[in-house]
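J.: heads up, no residue letters with this:
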């Protein structure tokens, strides 16, 4: 166990299998499928309950192949997902053989994109999630060393 003082002054205790968060015991639901075309797996039969305190994010991979766009969707741990998404960023071109990996932490967020009400709402969401993602990545790197 590692004591951790977050930048907002609250002290948490983290273990390797769990990151500090007030909702760490919450179970997230994600879509899960392998190599589906046309985003087919965003229907109720592909919804799974992720493992509590381990898989706290949803992951979505978009692969551009010669026969079309393929999707992989799954539950993921925040550390693994953030490392994978940053590692594949250079291959996310939208062209043939492109691979894009994205991570999100709300229920069923790896489904089809929803239309956003305004641009200001999208900007606010991006600005509030970026520090959290950077904090989680730094925490993971600290725990791995």
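T.: Yes, it's here. Fair warning: this is a prediction, and the values are worked out from it, not measured in the lab. Numbers count the residues shown, from 1 in each chain.

J.: any low-confidence regions in the chain?
T.: 1-25, 114-141, 145 (pLDDT under 70).

J.: For the chain, which segments are assigned as strands?
T.: Counting by DSSP state E, the chain has strands at residues 2-5, 11-14, 29-31, 33-37, 47-49, 57-65, 68-76, 99-104.

J.: Quick one: these as a markdown table, columns for mean neighbour count and distance to residue 113 too.
T.: Every residue, glycine included, has its C-beta placed from N, CA and C. Formatted as a markdown table, the strands of the chain follow (neighbours: other Cβ atoms under 10 Å; distance: least, Cβ to Cβ, whole Å):
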| stretch | mean neighbour count | distance to residue 113 |
| --- | --- | --- |
| strand 2-5 | 11 | 34 |
| strand 11-14 | 13 | 32 |
| strand 29-31 | 23 | 13 |
| strand 33-37 | 14 | 16 |
| strand 47-49 | 14 | 17 |
| strand 57-65 | 20 | 10 |
| strand 68-76 | 19 | 12 |
| strand 99-104 | 19 | 10 |
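
J.: As a markdown table, these with distance to residue 111 would be great.
T.: Converted to a markdown table, these look like this (distance: least, Cβ to Cβ, whole Å):
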| stretch | distance to residue 111 |
| --- | --- |
| strand 2-5 | 32 |
| strand 11-14 | 29 |
| strand 29-31 | 5 |
| strand 33-37 | 11 |
| strand 47-49 | 9 |
| strand 57-65 | 8 |
| strand 68-76 | 8 |
| strand 99-104 | 10 |
